[in-house]
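# okay, sequence plus prediction incoming.
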Amino acid sequence: MLYRRLAMSSKDIKIKDFGKKTDKLYNLDLKNLPGLPYPYENWQDSPIPELPEIKKKGKNITLDGFLNIAVPEPETEEEKEAMVAKFLEGLRKLLSRENNWTFLKPLLLSLDNCVKCNTCSDACPIFEMSGGAEIYRPLFRSDVFRRIIKKHFSPGGKLTAKFTGADIDLNWDTIARLAQLAYRCNLCRRCAQTCPMGVDNGLIAREIRKLFSQELNIAPAELHGEGTVKQLDTGSSTG
Ligand code: SF4
Ligand code: SF4
């Protein structure tokens, strides 16, 4: 890759770095993970193996080097631009009453009301068990999403992005990483239970998943095929 760089450490990662050209935004290292409680405090995990080349091939793994959802890597710059355009179209639908009347209100309330107190971080099992890695903070994913919306869907958003805190590049890597990051959340909504403002980061993660599934056809095959489609076809996810 043209802009090959080393993965950043947890503390280095800022939201405005999210679209930067790098092989891996965050290097997930076992040494940074917290130990298990009694009686497993001496438990030793074997090192996390690198993904084999065959599994990496054609996939975007630039978030943290792992895949829990297969995000296919477009082959040409034109295809990447087309994916970005689809993402923006999906985002437009997500923010419209006509297309998202069921979830628009709670989504907008969650996007508008965060006061950045970080209470939600202490409640999040993913953030805690990652050893406090910045990119897994509930607020991080939501703020990436907020900044994209601010830059691309508010009047003069692109012109004023540097001054309003919406300075995030929207390119294919930004989108592919956001798709992965939406699945570094188990939708438990513990964050929502502790948030003093009623912000629901779990709902934001779920809406991001919905956008990717409906507009870019990026969704875990097992959940989509064996869950959603079966539910729509037969009225039950178990068939
Ligand atoms: S607890 Fe709520 S208000 Fe505080 S940072 Fe988290 S989402 Fe924002
Ligand atoms: S819903 Fe997601 S972000 Fe919120 S606490 Fe659960 S895992 Fe963390």
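Perfect, I can see it now. Residues are numbered from 1 along each chain as shown. Ligands and ions are numbered 1, 2, ... in the order given.
# which residues of the protein lie near ligand 1?
By the criterion of Cβ under 6 Å from any ligand atom, the positions of the chain lying close to ligand 1 are Cys114, Val115, Lys116, Cys117, Asn118, Thr119, Cys120, Leu139, Cys195, Met197, Val199, Asn201. For every residue, glycine as well, the C-beta is placed using N, CA and C.
# now with 5 Å?
Residues of the chain found near ligand 1 (Cβ under 5 Å from any ligand atom) are Cys114, Val115, Cys117, Asn118, Thr119, Cys120, Leu139, Cys195, Met197, Val199.
# nearest to ligand 2, of those?
Closest approach to ligand 2 among those (Cβ to the nearest ligand atom): Cys120, at 6.5 Å.
# name the element the closest residue in space to that closest one that isn't next to it in sequence belongs to?
Spatial nearest neighbour of Cys120, chain neighbours left out: Cys191 (3.7 Å); criterion: Cβ to Cβ, 6 or more residues apart in numbering. For Cys191, the host element (DSSP states H and E) is helix 190-194.
# summarise which helices and strands that helix is packed against.
Applying 3 or more Cβ pairs under 8 Å, 6 or more residues apart in numbering; DSSP states H and E, we find helix 190-194 packed against helix 119-123, helix 201-216.
# ok, residues contacting the lengthiest helix in the chain?
Longest helix of the chain, by residue count under DSSP state H: helix 77-94. Residues from elsewhere that reach helix 77-94, judged by Cβ atoms under 8 Å, 6 or more residues apart in numbering: 74, 99-100, 104, 107, 148-149, 152-153, 170-172, 175, 207, 210-212, 214-216.
# if we go to 7 Å?
Contact with helix 77-94 is made by 74, 99-100, 149, 152, 170-172, 175, 207, 211, 214-216, as judged by Cβ atoms under 7 Å, 6 or more residues apart in numbering.
# what sits up against the helix or strand bottoming out on mean pLDDT in the chain?
Using mean pLDDT, DSSP states H and E, the weakest-scoring helix or strand in the chain turns out to be helix 157-164, at a mean of 74. Residues from elsewhere that reach helix 157-164 (Cβ under 7 Å, 6+ apart): Lys150, Lys151, Ala166, Asp167.
# go through the longest helix of the chain and flag the buried ones.
Lys80, Met83, Val84, Lys86, Phe87, Leu88, Gly90, Leu91, Leu94 (16 or more other Cβ atoms under 10 Å).
# deepest-packed of the helices and strands packed on helix 190-194, please.
helix 201-216 (a mean of 21; mean count of other Cβ atoms under 10 Å).
# which strands and helices sit next to the helix or strand just after the least confident helix or strand of the chain?
Next along the chain after helix 157-164, taking DSSP H and E as the criterion, comes helix 172-181. Counting by 3 or more Cβ pairs under 7 Å, 6 or more residues apart in numbering; DSSP states H and E, the packing neighbours recorded for helix 172-181 are helix 77-94.
# tabulate the CA atom coordinates of the helix it packs on in PDB.
What follows is helix 77-94, C-alpha atoms only, in PDB (Å, rounded to 0.1, in the frame of the first residue of the first chain):
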ATOM      1  CA  GLU A  77     -10.600   3.800  -6.900                       C
ATOM      2  CA  GLU A  78     -13.900   4.200  -8.800                       C
ATOM      3  CA  GLU A  79     -15.500   1.300  -6.900                       C
ATOM      4  CA  LYS A  80     -14.300   2.800  -3.600                       C
ATOM      5  CA  GLU A  81     -15.800   6.200  -4.500                       C
ATOM      6  CA  ALA A  82     -19.100   4.400  -5.500                       C
ATOM      7  CA  MET A  83     -19.100   2.800  -2.000                       C
ATOM      8  CA  VAL A  84     -18.600   6.100  -0.300                       C
ATOM      9  CA  ALA A  85     -21.500   7.600  -2.400                       C
ATOM     10  CA  LYS A  86     -23.700   4.600  -1.400                       C
ATOM     11  CA  PHE A  87     -22.800   5.200   2.200                       C
ATOM     12  CA  LEU A  88     -23.800   8.800   2.000                       C
ATOM     13  CA  GLU A  89     -27.100   7.900   0.300                       C
ATOM     14  CA  GLY A  90     -27.800   5.400   3.100                       C
ATOM     15  CA  LEU A  91     -27.000   8.000   5.700                       C
ATOM     16  CA  ARG A  92     -29.400  10.400   4.100                       C
ATOM     17  CA  LYS A  93     -32.100   7.800   4.300                       C
ATOM     18  CA  LEU A  94     -31.200   7.000   7.900                       C
END
